[in-house]
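K.L.:
Got a sequence here, can you model it:
(2 chains)
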Amino acid sequence: MIEVIVKMLFIVLVMMGAFLPLITWVERKQAAIMQDRIGANRADLFGIRAIGLLHPAADVLKLLTKEDVVPRGANRVLHLLAPVMALVPAIITLAVIPFGSVYAFGESALNLVVADIDWGMLYVFAVGSLATYGAVIAGWASNNNWSLLGSMRASSQMISYEVTMGLALVGLFMVFGSLKLTEIAAAQDTTFRLLGFLELFGVVAALPAWLDWIRLPAWGVFYQPLGFILFLTCIMAENKRPPFDAPEGESEIIAGYHMEYSGMRFGLFYTAEFLEVPVIGALVATLFLGGWAVPFLSQETIIGGVSQAFGVGFATGLCMILHVVTFLVKVVVLIWLQMLIRWTLPRFRYDQVMDLCWKYILPLSIANVFVTGGAILLAEGLR
Amino acid sequence: MSALLFYVFGALAVGGALGMVLNVRNTVAGAMSLVLAMVSLGGVYVLLDAYLIGVLQILVYAGAIVVLFLFVVMLLNLRGEQFGPERLAVGKVLGVAVAVLLLLQLLWLIPTFAPPAELRPGFGGYRDVGMALFTDWVLAFESTSLLLLAAMIGAVVLAKRKVD
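P.N.:
The predicted model follows:
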C-alpha cells in the first residue's frame, strides 16, 4: 500500500511539479528561439530573473487571483465541472505507464509502475476517450455560440482521431504480442540485428558473422516506423494543441470551447493541455522508444557488470536510477519534438483535420496492420 | 475492499441511471448522467473479473456513443420549453410494463444462479474473449459487423438524399 502511494506521488510530482511548470517556460523560450526573439524574461523576484524561469509561478499567481466568471444563462454545475473533466484523464493515464523495470531487492521485488494491469493500453484508450467531455461540456455549458462551435469541432475531431489512434497501434501490439505496458517496455530492452530480416524472410540462408555487430535497439519505432508517425499524429490531434487547435481556432471562433472561462478554471484547461504533453511523451517513449530501457545496455548487462565490483544491491539500485533517468530523458526529447512541431506547422483548416484523419491516416493504419500481419506470418512460416 | 467498491460503483450506476431519467428535459445533463452510469457499470464489470467488457464499456459507450449523443443533442439544442406539455403515451405505459417484467424475471432468476467457485486463469481478458469471438462465435461476429455496415450505409444514403 505504502509502496503504491510512494510510486503515485513520484510520478505525479515529477509530471505536475517539475515537467508542467517547465513546459510552460519551454513553450515560450523554444518559440522565442525558433523565431529569433528573446522570449519572456521580465518576471523577477528581488531583481533575479533566472532566464524567465519565474514566469510559471507568476502565471499561476495571476490565474489564482483573477475573478472566476460564470456567464449569465450558463449551466452553472456543468460549467464548473468541465475543467475538472478535462484535467482528470490526463492525470490518471499516468497510472499504467512504467517509469522503470522490475528490480529484485533480496526477497522483495520493486515494480516501478503504479498499476501493472494486463489491459494497460485499453485503459489508456478508455481514459483518453473520456477526455472529450471536458471540451464538449465546457462549450455547451457556457451558453455561447462560439463556444458551442468549438465543442462541436472538439467532439468530432477527438472521436475521429481516437479511432485511428487505436488502429495505428494494432501493428505494435502484433509485434510485441501484448497490451501490457510493462511487457511492451521490457520487450524493448534488447537489440536486434539490422540485417536480420534478410535471414528471417529467407532472402539469404545465413548472414556472415561480422554483421552480427551491426545492431539496433529493439524499439517499437524500428519495428513500426509508420505506426510511430501515425500514432504521434493522432495523439497530438487528441491533445488539441496547434497545429490541431481547430476547437480553439482564435482567428475563427475567438477561443472556442474555453472562451467563457476565466481565472484558474481557464488555467485548468491549460494545465490539462500542457500536462498532456509529457504524458504523451511518456506514452510514446514507452511504446516506441523503449521506455526505461538504456539502448545497447540491457538490465542484466548493467546489473551483471556493476555487481562484480560493487555487489548486487548497489548494482540493482544504480540500474534503477539509470532506468528512471533514461525514461525521463526520452520524455524530454519527445516534449522537445512536440514543441518543434507545434511551432513549425501552421494550423490545419477544420476540413483538412478531418480529411487527414479519415482519408490518409485511417487507410494507412489499416494497410500497416495487414503488412505487419503478413510479415509476421511469413517470418513464422519460414522459421 | 472489493465489496465496498462494488456498492460504491453500484450506487453511482443507479444514481446515474436515475439522473438520466429525471433529467429528461435537460438533455445534456441527462446524457452526462448516462456517462456516469456507464463508467460505474464498467467499474462493476472490472470487479467481476470481466476486464475486457469493463474497459470496453467505458471506451465504447461512455467514450464514443454518448459523445455522439451529445453531438446530436447540442446540434438540435433543445431547451425545456420546446418539448411541449407532458403526456401519458402508449410507449410510456409499455416501457414501464417491460421494465417491471424484466425486474420480476431477474428477481426470479438471480437466486437460482450459482457462480463458478473458481475462474479459469485469463478469464475475461482480451485473449480469452478474442479467442472465443474469432473461433466459436466467428459467424455471429461477422454477421453483426455486416449488419452494422448495412446500417452505416443506410444512414449515409438517407443523409445524402437530404443534402442533394
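K.L.:
show me where pLDDT drops low in chain B?
P.N.:
B:77-88, B:163-164 (pLDDT under 70).
K.L.:
Pull the number of nearby residues for the residue of it found nearest chain A.
P.N.:
Nearest to chain A in chain B, going by CB to the nearest CB, is B:Gly63, at a distance of 2.5 Å. Placement of C-beta: from N, CA and C, glycine included. Counted with other CB atoms under 10 Å in any protein chain shown, the neighbours of B:Gly63 add up to 28.
K.L.:
what about whatever residue of chain A ends up closest to chain B, how many neighbours?
P.N.:
With CB to the nearest CB, the shortest gap between chain A and chain B falls at A:Ser129, namely 2.5 Å. Using other CB under 10 Å, A:Ser129 has 25 neighbouring residues.
K.L.:
Give me the three-state assignment for it.
P.N.:
Under DSSP: H, G, I helix; E, B strand; the rest coil, the three-state class of A:Ser129 is helix.
K.L.:
list the contacts for it?
P.N.:
A:Glu162, B:Ile58, B:Leu59, B:Ala62, B:Gly63, B:Ala64, B:Val67 (CB atoms under 8 Å, 6 or more residues apart in numbering or on different chains).
K.L.:
go with 7 Å
P.N.:
Going by CB atoms under 7 Å, 6 or more residues apart in numbering or on different chains, A:Ser129 touches A:Glu162, B:Leu59, B:Gly63, B:Ala64.
K.L.:
Just give the closest residue to the first one, not the sequence neighbours.
P.N.:
Distance criterion CB to CB, 6 or more residues apart in numbering or on different chains; nearest residue to A:Glu162, sequence neighbours excluded, is A:Ser129 at 5.6 Å.
K.L.:
hang on, isn't A:Val4 packed against A:Val114?
P.N.:
Yes - between A:Val4 and A:Val114 a contact is recorded at 6.3 Å, counting by CB atoms under 7 Å.
K.L.:
what about those two, which has more around it?
P.N.:
A count of neighbours by other CB under 10 Å puts A:Val114 above the other of A:Val4 and A:Val114, at 23 against 12.
K.L.:
ok but that one is inside a helix, no?
P.N.:
No - A:Val114: not assigned to a helix; according to three-state DSSP it is coil.
K.L.:
What is the neighbour count of the nearest residue to it once chain neighbours are set aside?
P.N.:
Distance criterion CB to CB, 6+ apart; nearest residue to A:Val114, sequence neighbours excluded, is A:Ala95 at 4.5 Å. Other residues within reach of A:Ala95 by the criterion other CB under 10 Å amount to 20.
K.L.:
Backbone dihedrals for A:Ala104, please?
P.N.:
A:Ala104 adopts backbone torsions of phi -100, psi 120, taken as degrees, to the nearest 10.
K.L.:
For it, report the pLDDT, please.
P.N.:
Note on A:Ala104: pLDDT of 80.
K.L.:
Around chain B, pick out the residues from chain A.
P.N.:
By the rule CB under 7 Å from any CB of the partner chain, the part of chain A lying against chain B is A:78, A:118-119, A:122-123, A:125-126, A:129-130, A:132-133, A:136-137, A:140, A:148, A:152, A:155-156, A:159, A:179.
K.L.:
Quick check, A:Leu345 in contact with A:Phe244.
P.N.:
No - at 9.3 Å, A:Leu345 does not count as touching A:Phe244 under the criterion of CB under 7 Å.
K.L.:
In terms of packing, which of the two has more residues around it?
P.N.:
Neighbours were counted for A:Leu345 and for A:Phe244 using other CB under 10 Å; A:Phe244 has more, 25 against 11.
K.L.:
How about the secondary structure of that one?
P.N.:
From three-state DSSP, the assignment for A:Phe244 is coil.
K.L.:
ok now do it, which residues does it touch?
P.N.:
A:Phe244 makes contact with A:Met236, A:Ala237, A:Phe348, A:Val353, according to CB under 7 Å, 6+ apart.
K.L.:
If we use 8 Å, what do you get?
P.N.:
A:Phe244 touches A:Gln157, A:Met236, A:Ala237, A:Arg347, A:Phe348, A:Val353, counting by CB under 8 Å, 6+ apart.
K.L.:
again, but for A:Thr344
P.N.:
A:Met34.
K.L.:
From A:Ala379, how far out is it?
P.N.:
To A:Ala379, A:Thr344 is 37 Å away according to CB to CB, to the nearest Å.
K.L.:
With A:Leu9 instead?
P.N.:
44 Å.
K.L.:
just A:Val96 next, same as before
P.N.:
In terms of CB to CB, A:Val96 sits 29 Å off from A:Ala379.
K.L.:
who has more neighbours, those two?
P.N.:
A:Val96 (23 against 14).
K.L.:
Double-check the more buried one against A:Asp118; I have them as touching.
P.N.:
No - in this structure, A:Val96 is not within contact of A:Asp118 by CB atoms under 8 Å, at 10.4 Å.
K.L.:
can you pull the contacts of the nearest residue to B:Leu5 once chain neighbours are set aside?
P.N.:
Once flanking residues are discounted, B:Leu5 sits nearest to B:Leu47: 6.0 Å by CB to CB, 6+ apart. Taking CB under 8 Å, 6+ apart as the contact definition, B:Leu47 lies against B:Ser2, B:Leu5, B:Phe6, B:Phe9.
K.L.:
Now for the nearest residue to A:Thr65 once chain neighbours are set aside: which residues touch it?
P.N.:
Ranked by CB to CB, 6+ apart and with sequence neighbours excluded, the top spatial neighbour of A:Thr65 is A:Gly263, at 7.9 Å. Contacts for A:Gly263 (CB under 8 Å, 6+ apart) come out as A:Leu63, A:Leu64, A:Thr65, A:Lys66, A:Glu67, A:Asp68, A:Val69.
K.L.:
Quick one: distance of the helix or strand where the first one lies to the chain centre.
P.N.:
Secondary structure assigned from DSSP states H and E places A:Leu63 in helix A:55-65. Helix A:55-65 has its C-alpha centroid displaced from the chain centroid by 25 Å (CA atoms, centre = their mean, to the nearest Å).
K.L.:
so for that helix, what's the average pLDDT?
P.N.:
Average pLDDT, helix A:55-65: 87.
K.L.:
Please consider this matter closed, and thank you.
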